[in-house]
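*Asks:* need a structure here:
(chains A and B)
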Amino acid sequence: MKKRYLVTAALPYANGPLHIGHLAGAYLPADIYVRYLRLMGRDVVFVCGSDEHGAAITVKARKEGTTPQAIVDQYHTVLKDTFEKIGIGFDIYHRTSAPIHHQTSQDFFRKLLDKGAFLEETTEQYFDEIAGQFLADRYIVGTCPVCANPEAYGDQCEKCGSALSPTDLINPKSMLSGSVPVKRPTKHWFLRLDQHEAWLREWINTGVADGKKLHNPADWKNHVLGQCNSWLDQGLQPRAMTRDLDWGVDVPQEIPGSEGKKLYVWLDAPIGYISATKQWALDNGKDWEPYWKSDDTALVHFIGKDNIVFHCLIFPAILKAHGDFILPCNVPANQFLNLEGRKLSTSKNWAVWVHEYCADFPGQEDVLRYNMIKKMPEQSDSEFTWKGFQETNNNELVNNLANFVNRVLVLSHKYYAGIVPAIDHDQDFKSGWETDKTGSYDQELSLLYGKLREMGTEIERFNFREALRVVMEISSAGNALLQFNEPWKTVKDEPEMVKVVLNLALQYVAVLSVAIRPFLPFSADRLRKMLNLGLLRDKGDLLAILNELVEGNPIMLPNHALGQSEHLFSRISDEVIEAQIAKLGASEPASAPAAEPTEIQYAPMKETIQFDDFAKMDIRTGKILTAEKMEKSKKLLKLSVDLGFETRTILSGIAEHFSPEEVVGKQVVVLANLAPRPMMGVESQGMILMAENEQGALSFVSPADGWPSGFGVR
RNA sequence: GGCGCGAUAGCUCAGCUGGUUAGAGCGUGCGAUUCAUAAUCGCAAGGUCGCGAGUUCAAGUCUCGCUCGCGCUACCA
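*Replies:* Sure thing, here's the model as predicted:
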């Protein structure tokens, strides 16, 4: 057993709110694991924070006409608040825009540089002086040196298929500003992943690094190992760790060539775990280093399956290259959660947003947690449905768990005025664990002990669904205990037996008040109050009751006065569920509960044009006749469009938003005199005009029904 | 296109290194019961383990091919 634990949950990207897929994938399993470790008295730090850098945030800011800082400030607040409400108990929720993080990342970069971990490469790249930035290959157009096509891209000519580099182009132009880009030398630092391939392969597959056995690969999930080996088998390539961007952590200024350079977000983000730990240590008067540098620390990363290679290969390579840091002992990545038969989709608003759930179901945070655990995508993708949510709540939480607690407390108040009865240990009764079996008090306590251990084993193996099932078995056995012994019948004739049964049932409830804590923290607190037991300190409480149980001692002593019973969970009605289902996919995209009142951010106006500019465009009405998916392409649909006087073939990048069937027959508006462009071997003869909102959702722009095709739009 | 993971009862999912009648929870049917939020307990029915070959005395479990879903990557906006 390790001496201490450092547990991380994937840093959520600060450009949107949290949905149930995030919760079930990373945060809830991490939270359960950590709460359990705390209950067992282990030394554990649980860190997370907002990932606030990267091009996507810049793009979003530009789209909404605001600054990157405003975007990240807004979502950082939202995320932090949501985690608190749903009971994810981070020791710290940090952010990568914090100065301590910038320093930590830069120190890391310097150390890697000193150690020779980087390959430096200076290349001449095109720079747009008006836009003030280096241009990705794709953002440069010019004449193809091979076939003289005037619209070749910086990486490839679509017409003749030649692979190009931007400097091959004749008369290059920037697609951002239209200006002529100039060549400037730019230096980037590449992590020599190729040099790490050998030890990574051994470490992933045997758990051995530097001759030391660090973990057992059999404990890692199949899909995690599979994904890693898939990468290793293809050969690791040096990977750029810097970017020409204006939003992010600066490459340390004293390094030559650092001007205008930022750290690649995937270097910066995982270091966020470290800087968060540092900040936590500062806030709490602790030393952060043992948590990251000591062999007797277990480092565990909770993530979704899309992050596997970064956490299992690239970040470990970075840690190893640095030299002082330990490697993760497991990365229990989960798969994805689907919703009502479909993938979660932010742009289609096909999601359950956690902050909206908390607003719609106040005081029922644990119901969502319970459902997420039941449906946790531990080995394969899984599915959440609102109907299932309702059934689970009503059948398992209300009927089984809450009802058990309630009937025990009601009976105790009725027969013993709410005082735990003293008992004769030698009394026989019927065990709740098996039909027609005589139980003894000591045996039952030992069975409870066994169940708690079983729960713990499953949690330590990251089998959270199974662990929850074990806990619910305790509640079921408690119900059976009452059912088999029927105290409401036997209390007159066999009062001593009934005392034992109810005393024992109370021990079941007391055990549950601790056992449900990792899964249902809010309910655990409520239950403790009902039992008048005092809130859990999350410091070895479970270990303490295990020690009592193994000695054959009860958790609640005779003469302890119970509190008042209240309903731990309530039924959820059909109407409530129907309302939630109706919300799904509603045209209103998820509105972030902004720190300030929400204000829709519109894209800034483009520069003024003259009527002549407009008149050059030949825009016409049309109708989609046929549609099919383009082979090998995710985004393109191949459409044939009737323009009245002729039929055009048009490729449109809408395949992720519309199926071919649903667009056939649509009336559309077409930019008809756009120069034809070949894409994926097919020439596109025009462009379908679409409306796009700030979430990226698309809508056709159409004339009135039945409007004839081929006529002008002006 | 390349690679990875998944496909098991009506639903949601377990099944480790191949071995007797394939499991759980929920739902369904029947019975018992009333302390409890019409809750609980017992019993039962339900599966040619995605499709097709193969290896083996023996395959849900191994090999190959195929189909579908998801992810990574390439390509494409």
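
*Asks:* CA only for contacts and neighbour counts going forward, please
*Replies:* OK.

*Asks:* tell me where the stretch 51-200 of chain A has strands.
*Replies:* Ranges of strands in the stretch 51-200 of chain A, per DSSP state E, counting those that start in this stretch, are A:92-95, A:118-128, A:133-134, A:140-143, A:152-153, A:170-174, A:182-191.

*Asks:* now for the longest one, which elements pack on it?
*Replies:* Read it as strand A:118-128. strand A:133-134, strand A:182-191 (3 or more Cα pairs under 8 Å, 6 or more residues apart in numbering; DSSP states H and E).

*Asks:* average model confidence for the last one?
*Replies:* Strand A:182-191 shows a mean pLDDT of 84 in the predicted model.

*Asks:* distance of A:Asn673 from RNA strand B?
*Replies:* Counting by Cα to the nearest atom of the strand, to the nearest Å, the gap from A:Asn673 to RNA strand B is 16 Å.

*Asks:* helix, strand or coil for the closest residue to A:Asn463 other than its chain neighbours?
*Replies:* Closest residue in space to A:Asn463, ignoring its immediate chain neighbours: A:Glu378 at 7.5 Å, by Cα to Cα, 6 or more residues apart in numbering. At A:Glu378 the chain is in coil, as set by DSSP: H, G, I helix; E, B strand; the rest coil.

*Asks:* list the contacts of the closest residue to RNA strand B within chain A.
*Replies:* Relative to RNA strand B, the nearest point of chain A is A:Ser382 (2.3 Å; Cα to the nearest atom of the strand). Residues in contact with A:Ser382 (Cα atoms under 8 Å, 6 or more residues apart in numbering) are A:335-338, A:375-376.

*Asks:* mind doing that once more with 10 Å?
*Replies:* A:Ser382 makes contact with A:21, A:24, A:335-339, A:341, A:374-376, according to Cα atoms under 10 Å, 6 or more residues apart in numbering.

*Asks:* filter those residues to the buried ones?
*Replies:* Among the contacts of A:Ser382, the ones that count as buried by 16 or more other Cα atoms under 10 Å are A:21, A:24, A:335-339, A:374-376.

*Asks:* average pLDDT for stretch A:569-578?
*Replies:* Rounded mean pLDDT across stretch A:569-578 is 92.

*Asks:* check whether that stretch contacts RNA strand B.
*Replies:* Yes. Against RNA strand B, stretch A:569-578 shows contacts by Cα under 7 Å from any atom of the strand at A:569-571.

*Asks:* show me what counts as buried in that stretch.
*Replies:* Of the residues in stretch A:569-578, A:569, A:572, A:577 count as buried by neighbour count, 16+ other Cα under 10 Å.

*Asks:* closest to A:Gly257 out of those?
*Replies:* Taking Cα to Cα as the measure, A:Gly257 lies nearest A:Ile577 of the buried residues of stretch A:569-578, at 58.2 Å.

*Asks:* for the closest one, which non-adjacent residue is spatially closest?
*Replies:* Once flanking residues are discounted, A:Ile577 sits nearest to A:Trp386: 6.2 Å by Cα to Cα, 6+ apart.

*Asks:* so which of the buried ones among the contacts of A:Ser382 sit within helices?
*Replies:* A:21, A:374 (DSSP state H).

*Asks:* among the buried ones among the contacts of A:Ser382, which are within reach of RNA strand B?
*Replies:* Within those, those near RNA strand B by Cα under 7 Å from any atom of the strand are A:335-336, A:374-375.

*Asks:* and the stretch 201-350 of chain A, which of its residues are near RNA strand B?
*Replies:* Near RNA strand B, when you scan the stretch 201-350 of chain A using Cα under 7 Å from any atom of the strand, you find A:222-227, A:229-231, A:305-307, A:309, A:335-336, A:343.

*Asks:* sorry, back to before: would you mind putting the ones next to RNA strand B among the buried ones among the contacts of A:Ser382 into a markdown table with pLDDT and distance to A:Leu112 alongside?
*Replies:* Output for these, formatted as a markdown table (pLDDT from 0 to 100; distance: Cα to Cα, whole Å):
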| residue | pLDDT | distance to A:Leu112 |
| --- | --- | --- |
| A:Gln335 | 84 | 32 |
| A:Phe336 | 86 | 34 |
| A:Lys374 | 90 | 43 |
| A:Lys375 | 87 | 41 |
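
*Asks:* mind listing what A:Arg184 touches?
*Replies:* Taking Cα under 10 Å, 6+ apart as the criterion, A:Arg184 is in contact with A:122-128, A:134.

*Asks:* now do the SS call for A:Glu628.
*Replies:* For A:Glu628, the assignment made with three-state DSSP gives strand.

*Asks:* sorry, slip of the keys, the one I care about is A:Glu254.
*Replies:* A:Glu254 - assigned by three-state DSSP - is coil.

*Asks:* and what of A:Gly450?
*Replies:* Here A:Gly450 is recorded as helix under three-state DSSP.

*Asks:* so for it, what pLDDT did the model give?
*Replies:* pLDDT, read off for A:Gly450, is 92.

*Asks:* could you measure from it over to A:Leu468?
*Replies:* 15 Å (Cα to Cα, to the nearest Å).

*Asks:* equivalent analysis for A:Tyr126, please.
*Replies:* A:Tyr126 is 57 Å from A:Leu468, by Cα to Cα.

*Asks:* which of the two has more neighbours?
*Replies:* Counted by other Cα atoms under 10 Å, A:Tyr126 and A:Leu468 do not tie: A:Tyr126 has more neighbours, with 26 against 20.

*Asks:* now A:Ile308: which helix or strand?
*Replies:* Here A:Ile308 sits within helix A:308-309, counting by DSSP states H and E.

*Asks:* tell me the mean pLDDT for that helix?
*Replies:* 88.

*Asks:* cool, stretch A:476-495 as well?
*Replies:* In this model, stretch A:476-495 carries a mean pLDDT of 94.

*Asks:* what comes up buried for that stretch?
*Replies:* Those would be A:476-482, A:484-485, A:487, for stretch A:476-495 by 16+ other Cα under 10 Å.

*Asks:* could the residues you listed be laid out in a markdown table, adding secondary structure and distance to A:Glu548?
*Replies:* What follows is those, written out as a markdown table (DSSP: H, G, I helix; E, B strand; the rest coil; distance: Cα to Cα, whole Å):
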| residue | secondary structure | distance to A:Glu548 |
| --- | --- | --- |
| A:Ser476 | helix | 23 |
| A:Ala477 | helix | 20 |
| A:Gly478 | helix | 19 |
| A:Asn479 | helix | 23 |
| A:Ala480 | helix | 24 |
| A:Leu481 | helix | 22 |
| A:Leu482 | helix | 24 |
| A:Phe484 | helix | 26 |
| A:Asn485 | helix | 26 |
| A:Pro487 | helix | 27 |
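
*Asks:* chain neighbours aside, what residue packs nearest to A:Ser294?
*Replies:* A:Ser294 sits nearest to A:Ile326 (Cα to Cα, 6+ apart), 6.8 Å away.

*Asks:* for the one you found, give me the pLDDT.
*Replies:* With respect to pLDDT, A:Ile326 scores 95.

*Asks:* can you name the residues that contact it?
*Replies:* Contacts of A:Ile326 by Cα under 10 Å, 6+ apart are A:214, A:290-299, A:316, A:319-320.

*Asks:* which ones among the residues you listed are found in strands?
*Replies:* For the contacts of A:Ile326, the ones inside strands are A:297-299, with DSSP state E as the criterion.

*Asks:* list buried residues within those.
*Replies:* Among the ones in strands among the contacts of A:Ile326, the ones that count as buried by 16+ other Cα under 10 Å are A:297-299.

*Asks:* which one of those sits closest to A:Lys111?
*Replies:* A:Leu299 (21.4 Å).
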